[in-house]
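Undergrad: Predicted coordinates and the sequence they were generated for:
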Amino acid sequence: MRITPVFTLATMAVGLAACTGGRTEAPAVAAAPQIAAAASAAPAFSGPVLGPDGQCQGAAPGTAAAIEPGIGECDLVRLKGKPPTDVLVGESGKGQREVQVLYSEPGGRELYFFVNNRLDRVLK
């Protein structure tokens, strides 16, 4: 005798339904850790930021007086006095906003690395 797949599935369903017995309470569900919610939140930074076209996305406060670690992306463009040669905007594996700003100068290239709208390091 040949057993059909439909008959086999129906028999398994009846057997599994019997396994629950008379249980009436809802199954316990583990609470999701709060860390996951914090990790998916938007990166925390303040001030206007550069777009991929090298233009500021808002009014720059103009508080920085020198190019030094910690200044904002738009402060760099304001202090340089000209638009950047190239801008790469992305996100790190940690969910942080990362921006690379390139200036090609006659004396060489300068690459500025920003993390969450703060200058992290410079390569000349």
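TA: That came in fine, so what should we check first? Numbers count the residues shown, from 1 in each chain.
Undergrad: how about the strands of this structure, start to end?
TA: 86-91, 97-105, 108-115, 118-123 (DSSP state E).
Undergrad: Put together a markdown table for the ones you listed, with mean pLDDT, distance to L79 and mean neighbour count on each row.
TA: Just so you know, the C-beta spots here come from the backbone N, C-alpha and C atoms, and that holds for glycine as well. Shown next, in a markdown table, are the strands of the chain (pLDDT from 0 to 100; distance: least, CB to CB, whole Å; neighbours: other CB atoms under 10 Å):
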| stretch | mean pLDDT | distance to L79 | mean neighbour count |
| --- | --- | --- | --- |
| strand 86-91 | 96 | 16 | 14 |
| strand 97-105 | 96 | 11 | 17 |
| strand 108-115 | 96 | 11 | 16 |
| strand 118-123 | 96 | 11 | 14 |
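Undergrad: and G54, which of those strands is closest to it?
TA: strand 86-91 (4.8 Å; CB to CB).
Undergrad: what helices or strands is that closest one leaning on?
TA: Applying 3 or more CB pairs under 8 Å, 6 or more residues apart in numbering; DSSP states H and E, one finds that strand 86-91 contacts strand 97-105.
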